[in-house]
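> Sequence first, then the predicted structure, then my questions.
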Amino acid sequence: MTIKHKDIKILWGRSGNRCAICLTELTQDAAEASAVYTLGEQAHIVGEKNDAPRGQSLLEPNERDSYHNLIPLCPNHHTEIDRNEADWPIERLHQIKSEHELWVTETLSETIDHVNLANQAALSSMIDSTFENCDLENWQTWTSFALSPDQSWSKDRIDAIWNFRQKVIGAVWPNDYDEMRRTTITFSVLIHAAAQKFLEHATVGENVYITDRYYQRLDFNPSYDNQI
């Protein structure tokens, strides 16, 4: 699993771009690591994996990579909490995160652009939804099945595309992002139309929809064999 854009935006926005332990100002950009701010790190409270520090937990991988299980730290404190689990248990880190976010709200609220933060979270959510539902990371692989001699689309992908279309229809877009809005809407319309067109002549397999070559059936085209 990977950390979603919207979780990153929420985490950094609510932390005031500061280490939750020492309050050092942080940057997300590696190019600025040698500048005024320290390069920040998104540390896992419950370890990312079972064999990681504080990793023994029933949390699923997607839960471990969510905002609620992340805490922004400077590199020094990230190293320290991972090397000294006894001094930095899960409960203590959650408490530190809560107290830090409260401090940010009470102390730095005037310096935080909450409208921009909300807009960025909304856009990040849509980006995450596009990548997940349309599986853009494996786009070439899964779309090739729809163009192969034995065309097929997985049931999960058809359902995910439907969910994506519904999310786009119900989305409230921030101002000044008209190009992204139009592009996303157009993409959702086209990929949904492609899925629906495929389903018009598809039969259900175990986990996939497969092409129904209706034109080969005798009841549809009795002379098919003589035509090929």
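Looks like it came in fine. Numbering: from 1, shown residues only.

> Let me see the ranges of the helices in this protein.
For the chain, helices defined by DSSP state H occupy the ranges 5-15, 61-64, 75-83, 90-108, 114-133, 139-147, 155-170, 178-200, 224-227.

> buried residues in the second one?
When you say that, I think you mean helix 61-64. By neighbour count on 16 or more other C-beta atoms under 10 Å, the buried set for helix 61-64 is R64. C-beta here means a position set from N, CA and C on the backbone, and glycine is covered the same way.

> of all the helices of the chain, which lies closest to C22?
Taking C-beta to C-beta as the criterion, C22 comes closest to helix 75-83 out of these, the separation being 6.2 Å.

> on that earlier part again, burial-wise, tell me which of the helices of the chain comes out on top.
For these, average neighbour numbers computed from mean count of other C-beta atoms under 10 Å are highest in helix 5-15, which has a mean of 20.

> got the angle for it vs helix 114-133?
Regarding helix 5-15 and helix 114-133, their directions subtend 160 degrees when assessed with axes from the mean of the first three to the mean of the last three C-alpha atoms, to 10 degrees.

> chain center to helix 5-15, what's the gap?
13 Å (C-alpha atoms, centre = their mean, to the nearest Å).

> Please apply the same query to stretch 71-86.
The chain centroid and the centroid of stretch 71-86 are separated by 25 Å, computed with C-alpha atoms, centre = their mean.

> what's the span of it, first residue to last?
From the first residue to the last, stretch 71-86 extends over 18 Å; the measure is C-alpha to C-alpha, to the nearest Å.

> who's in contact with stretch 50-66?
Applying C-beta atoms under 8 Å, 6 or more residues apart in numbering, the contact partners of stretch 50-66 are 1-4, 7, 44-49, 69, 81-83, 85, 88-90, 93.

> picking up where we left off before, which stretch in the helices of the chain has the least confidence?
Mean pLDDT across the helices of the chain is lowest at helix 224-227; the value there is a mean of 52.

> Next one: D156 relative to N207, how far apart?
Between D156 and N207 the computed distance is 8 Å (C-beta to C-beta, to the nearest Å).

> right, I mislabeled it, should have said S98
43 Å.

> do the same with L59
If you measure L59 against N207 using C-beta to C-beta, the figure is 27 Å.

> Look at these two and report which has more neighbours.
When neighbours are counted by other C-beta atoms under 10 Å, L59 comes out ahead of the other of L59 and N207, with 18 against 9.

> roughly how far apart are that one and S124?
22 Å.

> Next: G55.
Counting by C-beta to C-beta - G55 and S124 are separated by 27 Å.

> go on, S57?
With distances taken as C-beta to C-beta, S57 is found 26 Å from S124.
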